[in-house]
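Enquirer: how does the following fold in three dimensions:
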Amino acid sequence: MFPKFILVSDPKTPLTGTFVYGLVGQHKDLVRAYEQVHGYVKTHGGGWYEKDDARKTVTLYGESYDYGAAKLSFLNRIPRELEGYDFYYTPIHGLPGNKLDLTETEWF
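Expert: Predicted coordinates:
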């Protein structure tokens, strides 16, 4: 299992993306699990993540083979268990990441 994430939006709110993450074999496993609970969603890319609980950071990197690179403009809703974490993005794991602005983020 691998640490992967996707960004999805509900047809009722197509411009609002939700961060979905977990340990899965493929990104489409995240989509299937999310759709079983919430119904059909549009996927706006994905990638891999590294969560550091000691430093309270989440670094997003890479891209999904199934859905392409994450469109970070759809990073609007993040699960509440990650509130207080700083999010960073880098295209390649190991390179310094850019801190993402989460001031308009909804924590659910």
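
Enquirer: pull the longest strand from this structure.
Expert: strand 42-52 (DSSP state E).

Enquirer: please pull up the helix or strand immediately following that strand.
Expert: Sequence order places strand 57-61 as the next helix or strand after strand 42-52, per DSSP states H and E.

Enquirer: about what we covered before: how far does the longest strand of the chain sit from its chain's centre?
Expert: How far strand 42-52 lies from its chain's middle: 4 Å, per C-alpha atoms, centre = their mean, to the nearest Å.

Enquirer: mean confidence for that strand?
Expert: Mean pLDDT, computed over strand 42-52, is 98.

Enquirer: make 761 the first number, not 1, from now on.
Expert: That works, and once the first residue is 761, the last one we named lands at strand 802-812.

Enquirer: same for that strand, what does it pack against?
Expert: If you count contacts as 3 or more C-beta pairs under 8 Å, 6 or more residues apart in numbering; DSSP states H and E, strand 802-812 packs onto strand 762-769, helix 787-798, strand 817-821. Yep, even glycine has a C-beta here, placed from its N, CA and C like the rest.

Enquirer: of the ones you listed, which is nearest residue 779?
Expert: Ranking these by proximity to residue 779 (C-beta to C-beta) places strand 762-769 first, at 6.2 Å.

Enquirer: could you give the angle of that closest one to strand 802-812?
Expert: Strand 762-769 and strand 802-812 are oriented at 140 degrees to each other (axes from the mean of the first three to the mean of the last three C-alpha atoms, to 10 degrees).
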